[in-house]
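Novice: Next input, structure requested:
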Amino acid sequence: MLMKGLGDHDEIMNELLSRDDLTPVVLWPGKSQENNSTTTVPELQRSFFESKQRKDQKDGVVLISVDGTWNTARKMVNRLPSNVLRLDLGDEVAANFSMPEMN
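Specialist: Numbering: from 1, shown residues only. Prediction:
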């Protein structure tokens, strides 16, 4: 786990995001209204399968999760490089998570 703002962590993250053999994705609910860089788990799996068939297989995924208010999270995600895909987990995955009721 890397944390933004820590010098060594920032350097490692920048290096990971610049590698051609890795696919960087950020967890983000729903399709992006701002750009076409949204993918789903099935699309990501298909992309890995197709790259394996073409012999230009990616070695893995850099999974980015942001933490903050919606406004802060949106700003953080918008500052990511353009090669970072937004990974929409879909309603079926989101339905497995629920907030506990407060009494």
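
Novice: May I have stretch 76-96 exported as CSV, CA atoms only?
Specialist: Once non-C-alpha atoms are left out, stretch 76-96 reads as follows in CSV (Å, rounded to 0.1, in the frame of the first residue of the first chain):
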residue,chain,number,x,y,z
MET,A,76,-7.7,13.3,-6.6
VAL,A,77,-8.9,11.1,-9.4
ASN,A,78,-8.9,14.0,-11.9
ARG,A,79,-5.2,14.6,-11.0
LEU,A,80,-4.2,11.0,-12.1
PRO,A,81,-2.4,10.6,-15.4
SER,A,82,-4.7,10.1,-18.4
ASN,A,83,-3.5,6.4,-18.8
VAL,A,84,-5.3,5.5,-15.5
LEU,A,85,-8.6,3.8,-16.2
ARG,A,86,-11.6,4.2,-14.0
LEU,A,87,-12.7,0.7,-12.9
ASP,A,88,-16.5,0.5,-12.5
LEU,A,89,-17.3,-2.5,-10.4
GLY,A,90,-20.9,-2.4,-11.5
ASP,A,91,-24.2,-2.6,-9.6
GLU,A,92,-23.9,-6.3,-9.0
VAL,A,93,-20.7,-5.8,-7.0
ALA,A,94,-21.9,-2.7,-5.2
ALA,A,95,-25.0,-4.5,-4.1
ASN,A,96,-22.9,-6.8,-2.0
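
Novice: all strands of this protein, in order?
Specialist: Secondary structure of the chain by DSSP state E: the strands cover 22-27, 38-40, 60-64, 85-88.

Novice: what angle sits between the first one and strand 60-64?
Specialist: The reference is to strand 22-27. 30 degrees (axes from the mean of the first three to the mean of the last three Cα atoms, to 10 degrees).

Novice: Dump the strands of the chain into JSON lines; add mean neighbour count, mean pLDDT and distance to Thr72 as well.
Specialist: Where C-beta positions appear, they are placed from N, C-alpha and C, glycine not excepted. Shown next, in JSON lines, are the strands of the chain (neighbours: other Cβ atoms under 10 Å; pLDDT from 0 to 100; distance: least, Cβ to Cβ, whole Å):
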{"stretch": "strand 22-27", "mean neighbour count": "18", "mean pLDDT": "89", "distance to Thr72": "14"}
{"stretch": "strand 38-40", "mean neighbour count": "17", "mean pLDDT": "84", "distance to Thr72": "20"}
{"stretch": "strand 60-64", "mean neighbour count": "15", "mean pLDDT": "87", "distance to Thr72": "15"}
{"stretch": "strand 85-88", "mean neighbour count": "22", "mean pLDDT": "88", "distance to Thr72": "16"}
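
Novice: With that, I have no additional questions.
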